[in-house]
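Asker: attaching a predicted model along with its sequence, questions to come.
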Amino acid sequence: MPNGITKSPRIGVDNLVKKGFYNRETGEFTVTGRVNPDKVVKLVAITQSNSENDKQNLVTFDKASNFKFKFRAPIKAGEKAVKYIYTTKDGNKVSGLFIWEMDEEEPTLDLEIPSVTNQPVLHISGIANDNEDSYRVFVDGDNVFTQRSSGNNVNYYPESDQSMNPYGPYTINYDINLDDNNGKPTDHIITVEVDDKLGNVTQKKFNVHFDPNYTGQSEFIPGKNIPSPSEEPKVDQPVVPHANETTNNTDNLDNAITLTLTHNAFVYDANGNVVITDGKNTLLEKGNTISAWHKGQITTLAGKKYV
């Protein structure tokens, strides 16, 4: 995983609102956490302006070393990257990105399947799509399509009804064998599912009867929508050293080494793309101290090596 970037949490918007982390009316996020008072003396979150020295970006702690800061991001879907810098007691500065992603739109699935057929092979044809890229299509549990990621939706704020998916819809063409009982009539349950990278799911179930002697006209049905189970949101806190932390970020810190940059360096995401913050390439300047996770293990992405 690239330096200083927390794993993007997968958050259901309804649960996000219930937990008090997002105000749908104002577009305001609330981030809470705690620092280790024995190590951290200052925390800055670049949310109000682009300057580290702007007092509006300074995050204050209470007596128990808990903190809270807010920022506005009036988006329907996408990622907001917030840069943070914390200063330790020995004067070192560690910076990174806290990436918070959300999506409240379920994928779309448009297809019809005959309820009765005399054809031994059922051909499924339809259209799947989502407002973001990287969605997947399943037929009876088989992953028949996975859309690639563009890797470009950090800090991307779409206008109303504008898609964040540069690749668009997928045309489903899939065959299922219905004649699995030596030419005798059989009943089948066909399930088609589309899920996106944030866990939103659209699933349809079809009951299909196969009879080789059927001579009537087949009735095509749109399928029955299966409600998606609700999931509790997974919320990652900013990476600040705290001895009692129990999230995956602590594991990253335990396996991290501290490095001082000898030259300017861009920040990359998991796909090897430069992370964009407020429309600009995210750059860590020479002399900054960073935490390299997994003890600085080298990762190769798209033929290039990263720490």
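Answerer: Sure, I can see it.
Asker: dump the residue contacts of the nearest residue to residue 120 once chain neighbours are set aside.
Answerer: Excluding the flanking residues, the one nearest residue 120 by C-beta to C-beta, 6 or more residues apart in numbering is residue 179, at 3.6 Å. The C-beta positions use only the backbone N, C-alpha and C, and glycine is treated the same way. Residue 179 makes contact with 120-121, 186, 210, 212 under the criterion C-beta atoms under 8 Å, 6 or more residues apart in numbering.
Asker: pull out the buried members of those.
Answerer: For the contacts of residue 179, a neighbour count by 16 or more other C-beta atoms under 10 Å gives the buried set as 186, 210.
Asker: residue 42: which of the contacts of residue 179 is nearest?
Answerer: Among the contacts of residue 179, residue 121 lies closest to residue 42 (C-beta to C-beta), at 66.7 Å.
Asker: I'd guessed that closest one sits against residue 180; true?
Answerer: No: here residue 121 does not reach residue 180: they are 11.0 Å apart, not a contact under C-beta atoms under 8 Å.
Asker: tell me which stretches of the stretch 101-250 of the chain form helices.
Answerer: For the stretch 101-250 of the chain, the helices defined by DSSP state H, counting those that start in this stretch cover 248-254.
Asker: in it, what spans have low per-residue confidence?
Answerer: Within the stretch 101-250 of the chain, the stretches with pLDDT under 70 are 101-102, 151-163, 227-250.
Asker: and if we set it to 80?
Answerer: 101-104, 150-164, 198-199, 223-250 (pLDDT under 80).
Asker: could I get the full set of strands for it?
Answerer: Secondary structure of the stretch 101-250 of the chain (DSSP state E, counting those that start in this stretch): strands at 108-111, 113-114, 116-117, 121-129, 136-139, 142-146, 170-177, 186-195, 201-210, 220-221, 224-226.
Asker: redo those as TSV? Include distance to residue 23.
Answerer: Formatted as TSV, the strands of the stretch 101-250 of the chain follow (distance: least, C-beta to C-beta, whole Å):
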stretch	distance to residue 23
strand 108-111	27
strand 113-114	42
strand 116-117	51
strand 121-129	29
strand 136-139	31
strand 142-146	34
strand 170-177	34
strand 186-195	27
strand 201-210	26
strand 220-221	41
strand 224-226	30
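Asker: among the ones you listed, which comes closest to residue 43?
Answerer: Nearest to residue 43, of all these, is strand 186-195, at 35.9 Å by C-beta to C-beta.
Asker: from the contact counts, what lies against the closest one?
Answerer: The contact analysis (3 or more C-beta pairs under 8 Å, 6 or more residues apart in numbering; DSSP states H and E) places strand 186-195 against strand 108-111, strand 121-129, strand 136-139, strand 170-177, strand 201-210.
Asker: from residue 226, how far out is the nearest residue to residue 169 once chain neighbours are set aside?
Answerer: Excluding its sequence neighbours, the residue lying closest to residue 169 (C-beta to C-beta, 6+ apart) is residue 129, at 3.9 Å. Here residue 129 is placed at a distance of 18 Å from residue 226 (C-beta to C-beta, to the nearest Å).
Asker: compare those two (neighbour count), which wins?
Answerer: residue 129 (19 against 13; other C-beta atoms under 10 Å).
Asker: isn't that one right up against residue 108?
Answerer: Yes: between residue 129 and residue 108 there is a contact under C-beta under 8 Å: 4.9 Å.
Asker: give me the neighbour count for residue 198.
Answerer: A count of nearby residues for residue 198, using other C-beta under 10 Å, gives 21.
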